[in-house]
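**Student:** Structure, please.
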Amino acid sequence: MNWDDARMFLAVGRHGQFLAASRTLGINQATLSRRISALEADVGSKLLVRRTNGCELTEAGRKMLTALEQAESNIMDGLESVSHQDSDVSGTVRIGAPDGFGIGFFASRLGALDAKHPNLKIELVPVPRSFSLSQREADIAVMVGRPDKGRLVVRKLVDYSLGLYAAKSYLDQAGRPHSRNDLADHKLIGFVDDLIYAPSLDYVQEFYRGWRSSVAVSSATGQVEAAKGGAGIAILHDYLVLPESGLEPVLPDLKISRSYWLAVHESQRNLARIAAVNDFLIEIVGKERNLFA
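**Tutor:** Residues are numbered from 1 along each chain as shown. Next up is the predicted model:
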């Protein structure tokens, strides 16, 4: 079997379509299609079913993808162990995380990670979106809900709480609500509805069933800034509200809890650089767990 053809099949299998895979590989779709056909002829099995909106793996294709990902992982693991027997782990690790966790917590602790593993190159992608580990959009992902699809190794990282907050300037001008129903008379800050990327983020109705956002911001850290600027009352991660923010609790007995989950693709779980960053995340969150309560 030609490993170059296998590498191309890996890209198609991960992306689920020829167009995205060809862009990743830097070749045209016609060439990619010929190489996949050559691989299928080589192994004697149909691996993909082409469809108008992409492609679907056959049973043989799924087995091939699993085997190739494991082989890829073994090769990378072997190269790491040979190259760095007498040195610290090295290489690039990309961490995808929601902006609240990535900016509000992890970014300020990257210096500690660098001090512990100076030969690592860290790429932090703190954006409000989901990450596909199978397509290698990230090596490690912090997720706002437990993933239930894909060949992932998942563990709960930490629970965190959310509550209502507003700037003192806003409350002085608009008054302070004394019940959920009073929220109907206030400016409210929430997510952009059609950009909510995880069901666990659709929580405004848990605070007030009539919630209508007059200001919508698609990121948790952006909502903090909007609230600080006096735009209204927002549902904020408690750990993002710092003493110097000028924000005050509103209806402090109203709280909800959500969880962050840590995920890596099972084919990469034993890579030294991935394990090192994974362990660091677990360690620092464990030490500062009270921050999230």
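**Student:** Show the residue spans covered by the strands in the protein.
**Tutor:** Assigned by DSSP state E, the strands in the chain fall at 48-51, 54-57, 91-97, 120-126, 140-143, 152-167, 188-190, 215-216, 233-237, 247-265.
**Student:** mind listing the helices in this structure by residue range?
**Tutor:** Applying DSSP state H to the chain gives helices spanning 3-15, 18-25, 29-43, 59-83, 99-101, 110-116, 168-174, 204-207, 220-228, 272-287.
**Student:** Would you agree S257 is in contact with Y160?
**Tutor:** Yes. Applying C-beta atoms under 8 Å as the test, S257 and Y160 come out as touching, 7.1 Å apart. Every residue, glycine included, has its C-beta placed from N, CA and C.
**Student:** So these two - more neighbours on which side?
**Tutor:** More neighbours surround Y160 than the other of S257 and Y160, with 22 against 10 (other C-beta atoms under 10 Å).
**Student:** For the more buried one, give its distance to G190.
**Tutor:** 18 Å (C-beta to C-beta, to the nearest Å).
**Student:** How is the chain partitioned into domains?
**Tutor:** Structural domains assigned to the chain are 3-83, 91-158+260-292, 160-257, following automatic domain parsing.
**Student:** Tabulate the ones you listed (TSV), appending mean pLDDT.
**Tutor:** Converted to TSV, the domains of the chain look like this (pLDDT from 0 to 100):
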stretch	mean pLDDT
domain 3-83	84
domain 91-158+260-292	94
domain 160-257	97
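**Student:** Check what contacts stretch 165-178 and list those residues.
**Tutor:** 183, 185-187, 227-234, 236, 241, 246-251 (C-beta atoms under 8 Å, 6 or more residues apart in numbering).
**Student:** C-alpha coordinates for that stretch, PDB please?
**Tutor:** Output of stretch 165-178 as PDB, limited to C-alpha atoms (Å, rounded to 0.1, in the frame of the first residue of the first chain):
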ATOM      1  CA  TYR A 165     -24.600  40.800  36.800                       C
ATOM      2  CA  ALA A 166     -24.900  44.500  35.800                       C
ATOM      3  CA  ALA A 167     -22.800  47.600  36.100                       C
ATOM      4  CA  LYS A 168     -23.500  49.900  39.000                       C
ATOM      5  CA  SER A 169     -24.100  52.700  36.600                       C
ATOM      6  CA  TYR A 170     -26.800  50.700  34.800                       C
ATOM      7  CA  LEU A 171     -28.500  49.700  38.100                       C
ATOM      8  CA  ASP A 172     -28.400  53.300  39.400                       C
ATOM      9  CA  GLN A 173     -30.200  54.400  36.200                       C
ATOM     10  CA  ALA A 174     -32.600  51.500  35.600                       C
ATOM     11  CA  GLY A 175     -33.200  50.300  39.100                       C
ATOM     12  CA  ARG A 176     -32.500  46.900  40.700                       C
ATOM     13  CA  PRO A 177     -34.800  44.000  39.900                       C
ATOM     14  CA  HIS A 178     -36.200  42.100  42.900                       C
END
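**Student:** just how off-centre is that stretch within its chain?
**Tutor:** In terms of C-alpha atoms, centre = their mean, to the nearest Å, the centre of stretch 165-178 is found 33 Å from the chain centre.
**Student:** Could you pull out the buried residues of that stretch?
**Tutor:** For stretch 165-178, a neighbour-count test (16 or more other C-beta atoms under 10 Å) marks Y165, A166, A167, Y170, L171, P177 as buried.
**Student:** So the first one versus R14, what's the distance?
**Tutor:** Going from Y165 to R14 by C-beta to C-beta gives 41 Å.
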